[in-house]
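Undergrad: A structural model of the following input is requested.
(one chain, ligands or ions: 2)
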Amino acid sequence: MKKALTLGCGIGGTLLTSCGGLQNKNVETILPQKPNVIFIVADDIGYGDLSCYGEKTIHTPNVDKLAAGGLRFTDAHAVAATSTPSRYSLFTGHYNWRRNDTGIAAGNAGMIIRPEQTTVADIFKNAGYATGAIGKWHLGMGDETGTQNWNGLITPGAQDIGFDYSYLMAATGDRVPCVWVENQRVANYDSAAPIYVSYEDPFPDEPLGRDHPELLTKLKPSLNHGHDQAIVNGISRIGYMKGGGDALWEDENIADSITIKAVEFIENHTDIPFFLYVGTNDIHVPRYPHPRFVGKSGMGYRGDAILQFDWTVGEIVKILEKKGLMENTLIILTSDNGPVVDDGYQDQAVELLGDHRPWGDLRGGKYSNFEAGTRVPFIVSWAKHIKPDVSGALVSHIDLFASMAALIGEDVDQAVAIDSQNQLSTILGADQKGRDYIIESSSSLSISNGEWKYITPNNGSAFYSLTKTESGNSKEEQLYYLKEDIGEKNNLAKKYPEKISELKLILDKEKEKGYLRKWE
Ligand code: NG6
Ligand code: CA
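TA: Ligands and ions are numbered 1, 2, ... in the order given. Alright, predicted model coming up:
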């Protein structure tokens, strides 16, 4: 049964007032016409990967224009350093680590957000918005892992968690099945080539990347990175797959498909407020951009994929402008986690990186407890209400749920999105402080109040040799004074034990609300 939203005063203030009887009236006064809302969530784009964040080695004019006309945040965070837990938290307002099944999902994972749970899309839908999810999903589909019928209706799906329309890649570009799932059925379904997926056993007669390198005409996996199972379109992937025929995607067309569907969704909803989630495949591996972008960055496919991402952003803005919607559309552009250079394919990202620093001045990267793992680009544009600025406020994706509820005047009980705070005034630039603290998760949990960051100890390896990432794992406690040491070079744990106690206390209180992390 579909969940009912609990009405109450839990999450707190709206745009102008704190919770109270006049709340909706006030919202109506400021928002006579409800704004459209678009979340553009890039994949693996790092803090230094967009030119508006300071690196001179890349040029992303469309993103930069959004930033110049809106708010660019310098201390905004994804909740986790990989995709599934990050997106889970963004959509639900629940920390991923309260559950033990929110790690990187396989392509045949069952839906991780259960229909009984409330997502930010439910909030918009409840308020009369049209809702859409387009692009990278990575939150599972169908009931139980491995039981989906890829040749029929895949249920439950995005529609059961608030999205009227969906056009989704089940997991990642490097995981089977390599097909688009539109409204829970494989798009462009080819009945002559029924689809079977397994993450356990190969299908007899289906060639695998590890045995047939001669069939890898587009990209070969990096040494020891796996990615050598099913071959689809000249690229070997993670997982086994059979069939697909005409429904199989071509990697060079993925960005076009996502962009076309996003533009169509906007065109179809010019007279009703909409909420649109666009998860780009750029710049996740396998990076195989359209020929239009190949060679344009001088950094190989990784840089070219960043330009392709920038193009997608430009196309979304273009259609909004054409339809006269730009003024009253709130766009939040961010990334699911930090950057990685070699994440599994021989795409020359390492060789051609040159002086580019995907992580900017931060330490670590994707998968890391250090800042580059979760401190991500975060740009907010809303021509009608936002004064262009740069904000150093402490912001987390976890708060998008409650902040969006406040934006559109929906009262939601705190129990619905247990970890989400209404930080709307921060997101819109009126408050420059933001959260008191954020919690980040990778191999360890970390807590930061913007000035100090404490990383809890763990036994994991300090360096991930495959991706060449400093993991931030240590058996010792780590404490960094980010205010003067954004690169997390000096561990001050021994010098300031009282700071650790202070931060640990907050973290422990948070853990008491529910902590199911299985690896600790
Ligand atoms: C890792 C993959 C990596 C990427 C990642 C998920 C290996 C060795 N590495 O397990 O290539 O797919 O999962 O990335 O298999 S994410 O951004 O979607 O979380
Ligand atoms: Ca990612």
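
Undergrad: contacts (any at all) between ligand 2 and stretch 99-114?
TA: No: judged by CB under 5 Å from the ion, stretch 99-114 stays clear of ligand 2, getting no closer than 8.9 Å. The C-beta positions use only the backbone N, C-alpha and C, and glycine is treated the same way.

Undergrad: count of residues packed around the residue in the chain that ligand 2 sits nearest to?
TA: Ligand 2 sits closest to Ser83 of the chain, with a gap of 3.7 Å, by CB to the ion. Around Ser83 there are 26 other residues, counting by other CB atoms under 10 Å.

Undergrad: hmm, Ser446 is touching Pro457, no?
TA: No: the pair Ser446 / Pro457 is not scored as a contact, 11.1 Å apart, by CB atoms under 8 Å.

Undergrad: more neighbours: the two, which one.
TA: With neighbours defined as other CB under 10 Å, Ser446 and Pro457 compare such that Ser446 has more, 26 against 13.

Undergrad: what residues does the stretch 1-150 of the chain put near ligand 1?
TA: Residues of the stretch 1-150 of the chain lying close to ligand 1 by CB under 6 Å from any ligand atom are 43-44, 82-83, 104, 138.

Undergrad: in strands only, show me the residues you listed.
TA: Judged by DSSP state E, strands contain none of these.

Undergrad: in a markdown table: those, plus pLDDT and distance to Gly300.
TA: Output for those, formatted as a markdown table (pLDDT from 0 to 100; distance: CB to CB, whole Å):
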| residue | pLDDT | distance to Gly300 |
| --- | --- | --- |
| Asp43 | 99 | 17 |
| Asp44 | 99 | 15 |
| Thr82 | 98 | 23 |
| Ser83 | 98 | 22 |
| Ile104 | 98 | 25 |
| His138 | 98 | 24 |
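
Undergrad: circling back: distance of the residue of the chain closest to ligand 2 from Asn281?
TA: 11 Å (CB to CB, to the nearest Å).

Undergrad: ok, back up a step: which residues does the residue of the chain closest to ligand 2 contact?
TA: By CB atoms under 8 Å, 6 or more residues apart in numbering, the contact list for Ser83 reads 43, 104, 136, 138, 172, 284, 336-337.

Undergrad: what's the answer for Trp452, then?
TA: 479-483, 496, 499, 503.

Undergrad: please apply the same query to Val41.
TA: Val41 neighbours (CB under 8 Å, 6+ apart): 87, 90, 135-136, 277-280, 334-336.

Undergrad: okay, and it sits in which element?
TA: Secondary structure assignment for Val41, by DSSP states H and E: strand 36-42.

Undergrad: each with direction, which strands does that strand pair with?
TA: Paired strands of strand 36-42, with direction, are strand 274-279 (parallel), strand 329-335 (parallel) (DSSP bridges).

Undergrad: and the contacts of the first one?
TA: Contacts of strand 274-279 with the rest of the structure, by CB under 8 Å, 6+ apart, involve 36-41, 43, 87, 120-121, 124-125, 129-138, 163, 258, 262, 265-266, 312, 316, 336, 404.

Undergrad: okay, buried residues for it please.
TA: Neighbour counts using 16 or more other CB atoms under 10 Å place 274-279 of strand 274-279 among the buried residues.

Undergrad: correct me, but Asp49 touches Ile306?
TA: Yes: the pair Asp49 / Ile306 is scored as a contact, 5.6 Å apart, by CB under 8 Å.

Undergrad: what do those two both touch?
TA: Common neighbours of Asp49 and Ile306, using CB under 8 Å, 6+ apart, are 58, 60, 283.

Undergrad: so what's the residue count around the nearest residue to Lys433 once chain neighbours are set aside?
TA: Among residues not flanking Lys433 along the chain, Ala393 sits closest, at 5.7 Å (CB to CB, 6 or more residues apart in numbering). Counted with other CB under 10 Å, the neighbours of Ala393 add up to 21.

Undergrad: who's in contact with Ala393?
TA: Taking CB under 8 Å, 6+ apart, one finds 73, 75, 426, 431-435 in contact with Ala393.

Undergrad: got the confidence number for it?
TA: On pLDDT, Ala393 comes in at 98.

Undergrad: give me the number of residues near Gly152?
TA: Look at Gly152: counted by other CB under 10 Å, it has 11 neighbours.

Undergrad: er, Arg375 actually
TA: The number of residues packed near Arg375 is 27, by other CB under 10 Å.
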